[in-house]
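Visitor: Make a model of this:
(2 chains)
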Amino acid sequence: RKEVEQDPGPFNVPEGATVAFNCTYSNSASQSFFWYRQDCRKEPKLLMSVYSSGNEDGRFTAQLNRASQYISLLIRDSKLSDSATYLCAVNMGTGNQFYFGTGTSLTVIP
Amino acid sequence: ETGVTQSPTHLIKTRGQQVTLRCSSQSGHNTVSWYQQALGQGPQFIFQYYREEENGRGNFPPRFSGLQFPNYSSELNVNALELDDSALYLCASSLGASAPEKLFFGSGTQLSVL
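Guide: Numbers count the residues shown, from 1 in each chain, chains lettered A, B, ... in the order given. Below you'll find the predicted structure:
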């Protein structure tokens, strides 16, 4: 079993739609969780941290479910500029060495 | 921008050759992590350096080696290059090596092995 599993998509959604991505992880000792955005062959850019209490930043909401060992990212009112690959990152224990998912491809269509 | 710089941006090598990739961390960051990202995959952890010492290593063979300098910049060396080493190599710096320190990535080095 992979340490982090993520639906690769692709997700093709119309502008204004709400879309959600999930990512499951296997190490119950993991403590840090992040979502990154990656544009084509560029570096991953930190989108947001994920906490059990939830984390909202504008149209983006991230959530952690420790019991079921998954994290989620919700994007409301999708914009064309949201088109990218979204990577989840889960740390390996107590350090900040991360497992990344394979990424979920999102295309927002006019 | 993250303030993490990598060089070179692109590199073409042939099988069996050796390569050195370089990374300058963000000011104030003492930890550098290296990741390999093959096409269509997520980044895979190679190793991490914290205050000039290796602080963890992923599932990569010994021909992948590195070091960190007193100014916290870092190098990744790969010997005896194989075709499968073709990938985007990402360097990330952070304030420390403990959770929940965030990673800030450089723009990467695209390595092609022919």
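
Visitor: only C-alpha atoms for contact and neighbour calcs from this point on.
Guide: Fine.

Visitor: ok, so what distance separates the most centrally placed residue in chain B from chain A?
Guide: Within chain B, the residue whose C-alpha comes closest to the C-alpha centroid is residue B:34; the distance, by C-alpha atoms, centre = their mean, is 3.0 Å. Residue B:34 sits 10 Å away from chain A, taking C-alpha to the nearest C-alpha, to the nearest Å as the criterion.

Visitor: Can you get me a residue count around the closest residue to that residue other than its chain neighbours?
Guide: If you skip the residues right next to it in sequence, residue B:34 has residue B:91 as its closest partner in space, 4.6 Å away by C-alpha to C-alpha, 6 or more residues apart in numbering or on different chains. One way to gauge burial is a neighbour count; for residue B:91, by other C-alpha atoms under 10 Å in any protein chain shown, it gives 31.

Visitor: Also the one 4 residues further on?
Guide: Applying the criterion other C-alpha under 10 Å, we find 18 residues in the vicinity of residue B:95.

Visitor: Show the contacting residues for residue 39.
Guide: Picked chain A for this. Residues touching residue A:39, when contacts are defined by C-alpha atoms under 8 Å, 6 or more residues apart in numbering or on different chains, comprise A:84, A:85.

Visitor: that answer is for a different chain, and I need it for chain B
Guide: B:87, B:88.

Visitor: which parts of whichever strand or helix holds the residue nearest to the centre of chain B are buried?
Guide: Residue B:34 belongs to strand B:31-37 when assigned by DSSP states H and E. Applying a neighbour-count criterion of 16 or more other C-alpha atoms under 10 Å in any protein chain shown, the buried positions in strand B:31-37 are B:31, B:32, B:33, B:34, B:35, B:36, B:37.

Visitor: Also stretch B:1-16?
Guide: Residues of stretch B:1-16 classed as buried by neighbour count (16+ other C-alpha under 10 Å): B:2, B:4, B:5, B:6, B:7, B:13.

Visitor: For the residue nearest to residue A:97 when sequence neighbours are not counted, give me its contacts.
Guide: The shortest distance from residue A:97 to any non-neighbouring residue, by C-alpha to C-alpha, 6+ apart, is to residue A:91 (5.4 Å). Residues touching residue A:91, when contacts are defined by C-alpha under 8 Å, 6+ apart, comprise A:30, A:31, A:32, A:33, A:97, A:98, A:99, B:99.
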